[in-house]
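Undergrad: Give me a model of this one.
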Amino acid sequence: MTADIDPVTREGLRAVSERYATGVDRKDAALYLSAFLPDARLLVHGAGDEKTPRRVISGHAELAGVTAALAVYARTFHLVGNAVYDVNASTASGEVYCIAHHLTTERDGDTNFIMYIRYQDRYRQMEGRPWLLAERRVLVDWTETRAADPFR
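TA: Next comes the predicted model:
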């Protein structure tokens, strides 16, 4: 993968991950889906398991349920980090780092479940349209759970 791509293309590809993260954190299905092609797939792997996904979610109808499923958390916070991309005309691939926080509030104490993630992405761009995800693999390198003290 190369970092030698023009700044407009790089920003367009990064914007996909930012829409994805913001859509998840706001539980905004329309914003979340705006990162995906209609027939896109999300492959979710378990911690340390890079070979076989635990779950495959295909198409907008199934993908729309992701934001609702995350409603079990009081809040989420996805911080998108470094990214590298390889661009070939109207297709691209990339790897994007993310630290995802998941806040649970309970009577016995609040917790923050943290996932250290690498997204391995395939993108497509239709003429005159923004880049969109064709496929996103969610690879969880490790997790941790911490006590949390959310501002209320």
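Undergrad: Can you mark which positions in the longest strand along the chain are buried?
TA: In the chain, taking DSSP state E as the definition, the longest strand is strand 131-148. By 16 or more other CB atoms under 10 Å, the buried positions in strand 131-148 come out as W131, L132, L133, A134, E135, R136, R137, V138, L139, V140, A148. C-beta here means a position set from N, CA and C on the backbone, and glycine is covered the same way.
Undergrad: Any figure for the gap between the second one and E106?
TA: According to CB to CB, to the nearest Å, L132 and E106 sit 37 Å apart.
Undergrad: Could you tell me the angle between whichever strand or helix holds L103 and strand 131-148?
TA: Applying DSSP states H and E as the criterion places L103 in strand 91-104. Relative orientation of strand 91-104 versus strand 131-148 (axes from the mean of the first three to the mean of the last three CA atoms, to 10 degrees): 20 degrees.
Undergrad: Export strand 91-104 to PDB, keeping only CA atoms.
TA: The C-alpha trace of strand 91-104 is given here as PDB (Å, rounded to 0.1, in the frame of the first residue of the first chain):
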ATOM      1  CA  THR A  91     -11.200   1.000  -6.800                       C
ATOM      2  CA  ALA A  92      -9.100   1.200  -3.700                       C
ATOM      3  CA  SER A  93      -8.100  -0.900  -0.700                       C
ATOM      4  CA  GLY A  94      -6.900   0.300   2.700                       C
ATOM      5  CA  GLU A  95      -6.200  -0.400   6.300                       C
ATOM      6  CA  VAL A  96      -7.600   2.000   8.900                       C
ATOM      7  CA  TYR A  97      -6.800   1.900  12.600                       C
ATOM      8  CA  CYS A  98      -9.500   2.600  15.100                       C
ATOM      9  CA  ILE A  99      -9.900   2.600  18.900                       C
ATOM     10  CA  ALA A 100     -13.600   2.000  19.700                       C
ATOM     11  CA  HIS A 101     -14.900   2.700  23.200                       C
ATOM     12  CA  HIS A 102     -18.300   1.200  24.400                       C
ATOM     13  CA  LEU A 103     -19.700   2.700  27.600                       C
ATOM     14  CA  THR A 104     -22.000   0.600  29.800                       C
END
